[in-house]
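everything below, folded, please.
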Amino acid sequence: MPKLITRSVQAHGLDRFRTIRAQTEGLAAPLSAEDQTIQSMPDASPTKWHLAHTTWFFETFVLRPHAKDYRVFDPAYEYLFNSYYEAVGPRHPRPQRGLITRPGVEEILAYRRHVDEAMTSHVDHEVVELGLHHEQQHQELILMDIKHALSMNPLHPAYRPARGTTGAAIPLGWREFEGGLVETGHDGQGFAFDNEGPRHRSWLDAFAIALRPVSSGEYLAFIEDGGYRRPEFWLSAGWDCVNQRGWEAPLYWEKRDGAWMAFTLSGFEPVDPARPVCHVSAFEAAAFAKWAGKRLPREAEWEIASAALDGTGEVWEWTASPYVAYPGYREPEGAIGEYNGKFMANQMVLRGGCTATPEGHVRPTYRNFFPPDARWMFGGIRLAEDLR
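Alright, predicted model coming up:
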């Protein structure tokens, strides 16, 4: 049942709902209708699909079951814009989302307005908070996916103006932790996704963790030392990726006239050695760590150390931890239970957030996850080591 709240709290909730929904459309605003329709690979989705799917979420899980007089905008959208909710019903195949030329962008924006108007009297429903955080996840996906799409265009168009340079990287410092019996996971205060809990205890041996992420300059040293040609640094599956996919550098990097360039949301720019290296897989992160004589942090170590770390939020940071359930985890009932739990296989955990993550969307307990060969998310590296 919806929670009973005061008028002022409801007004705040409506303002937040409208703000987040507007931010999503703001991310799409620089893009043409053609930009918003393209799908550059099966793992990515068109921008307009993200606009529609986040709207479908509110229509499906709030309005249809709880708004007595709600009129569905188009029954076909239940099939077109369902992502992976088996309990809701069949859906259009993910690799074919780029074939949905109709409805067009304007019709999808009309769909958003239709749902937003109906939501004004339902922002107090408990599922809305999940829906807003879900939308913020898709805001990041919009930037991830359009960056990949624009990188495939021979003209290499820019999504936004160029950023300035960062200056020199600070020396790589370390923070030591004694370890022992620790508690990690969300404590139940405020919002969290279901996979962030329950809070639980685990044992950590003494460890040290780097105070900032690995820089592009440091990663360049790995490349120049033959890192992509030396199997001794690589997990077997990672070495297969290097050879089968021709990896020689992070995604979006290429060498021009002897200098490394990287495709960014602002087009091609010289690789900035001071910025955190970005768009590396878990395999590349682990190989670099082994080359450096270190390792990747376990997610419990990262969480315990997070308050002392610099540079968090610039790139998602791969951990050495597989994405599995915490002790005592139970999936929520119904279709919402498909949100996180069913993906707990063949994925690795990342922590910390990135430059594409909406403000206020991350927490020390936030668990992002991707397959270890994925590179199009803003993934980077933080080193750790054992203390003996």
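
rest of the way, CA atoms for contacts and neighbours
OK.

I'd guessed residue 368 sits against residue 349; true?
Yes: look at residue 368 against residue 349 with CA atoms under 8 Å: they come within range, at 5.6 Å.

okay, these two: which has more neighbours?
Between residue 368 and residue 349, counting by other CA atoms under 10 Å, residue 349 is the more crowded of the two (23 against 19).

which SS class is the more buried one?
Secondary structure, DSSP: H, G, I helix; E, B strand; the rest coil: residue 349 is strand.

could we number from 33 for the rest of this?
Sure thing, new numbering starts at 33, so read that last one as residue 381.

give me the pLDDT for it.
At residue 381, the predicted lDDT confidence score is 98.

now it: how far from residue 366?
In this view, residue 381 and residue 366 are 25 Å apart by CA to CA, to the nearest Å.

need the phi and psi values for the closest residue in space to residue 217 that isn't next to it in sequence.
Distances taken as CA to CA, 6 or more residues apart in numbering place residue 231 nearest to residue 217, at 4.2 Å, with adjacent residues excluded. In terms of degrees, to the nearest 10, the main-chain angles of residue 231 are phi -60, psi 140.

tell me who's in contact with the closest residue to residue 95 other than its chain neighbours.
In space, residue 95 comes closest to residue 102 once its chain neighbours are excluded; the distance is 6.5 Å by CA to CA, 6+ apart. Neighbouring residues of residue 102 by CA atoms under 8 Å, 6 or more residues apart in numbering: 95, 96, 150.

just the buried positions in stretch 188-208, please.
For stretch 188-208, the neighbour count (16 or more other CA atoms under 10 Å) marks 188, 189, 190, 191, 201 as buried.

quick one, helices of the protein?
Taking DSSP state H as the criterion, the chain contains helices spanning 39-60, 65-69, 79-90, 96-98, 109-112, 137-151, 158-183, 248-256, 268-277, 314-323, 331-337.

and for residue 210, the neighbour number?
11.

cool, residue 145 as well?
14.

got the buried residues of stretch 188-208 as CSV, with pLDDT and distance to residue 324 columns?
Putting the buried residues of stretch 188-208 into CSV (pLDDT from 0 to 100; distance: CA to CA, whole Å) gives the following:
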residue, pLDDT, distance to residue 324
188, 94, 34
189, 96, 36
190, 97, 34
191, 97, 35
201, 76, 17
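
between these, which sits nearest residue 61?
residue 191 (10.2 Å; CA to CA).

check contacts around the closest one.
62, 63, 179, 297, 298, 299.

which one of the helices of the chain lies nearest to residue 373?
helix 158-183 (15.0 Å).

what's the angle between that closest one and helix 137-151?
With axes from the mean of the first three to the mean of the last three CA atoms, to 10 degrees defining the directions, helix 158-183 sits at 160 degrees from helix 137-151.

next, the buried residues of helix 158-183.
159-183.

isn't residue 205 right up against residue 245?
No: applying CA under 8 Å as the test, residue 205 and residue 245 come out as separate, 10.3 Å apart.

so what are the domain limits for this structure?
With domains defined by automatic domain parsing, the chain comprises 39-183, 206-418.

with distance to residue 196 added, can I get those domains in a markdown table?
Shown next, in a markdown table, are the domains of the chain (distance: least, CA to CA, whole Å):
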| stretch | distance to residue 196 |
| --- | --- |
| domain 39-183 | 19 |
| domain 206-418 | 10 |
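
which other residues reach the lowest-mean-pLDDT helix or strand in the chain?
Scoring the helices and strands of the chain by mean pLDDT, DSSP states H and E places helix 39-60 at the bottom, with a mean of 86. Helix 39-60 is contacted from outside by 68, 79, 83, 148, 152, 155-156, 164, 167-168, 171, 174-175, using CA under 8 Å, 6+ apart.

number of residues surrounding residue 47?
14.

quick one: low-confidence ranges for the stretch 233-382 of the chain?
Judged by pLDDT under 70, the stretch 233-382 of the chain has no weakly predicted residues.

in it, which spans are strands?
239-242, 285-288, 291-296, 299-302, 348-354, 380-383 (DSSP state E, counting those that start in this stretch).

want to throw these into TSV with distance to residue 271?
Formatted as TSV, these follow (distance: least, CA to CA, whole Å):
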stretch	distance to residue 271
strand 239-242	26
strand 285-288	19
strand 291-296	23
strand 299-302	27
strand 348-354	17
strand 380-383	17
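
nearest to residue 341, out of those?
So among the strands of the stretch 233-382 of the chain, strand 239-242 is nearest, using CA to CA, at 7.7 Å.

given the closest one, what are its sheet partners and their directions?
Here strand 239-242 has these sheet partners by DSSP bridges: strand 206-209 (antiparallel), strand 416-418 (antiparallel).

returning to what we had before: quick one, which of the contacts of residue 191 are buried?
179, 297, 299.

out of those residues, flag the one nearest to residue 90.
Using CA to CA, these come closest to residue 90 at residue 179, 26.6 Å.

excluding chain neighbours, give the residue nearest to the closest one in space.
Using CA to CA, 6+ apart, the closest residue to residue 179 is residue 297 (5.9 Å).

next, the contact list for the one you found, please.
179, 190, 191, 192, 194.

list just the nearest of the residues you listed to residue 317.
residue 179 (21.2 Å).

just checking, that closest one touches residue 294?
No: counting by CA under 8 Å, residue 179 sits too far from residue 294 to count as a contact (11.7 Å).
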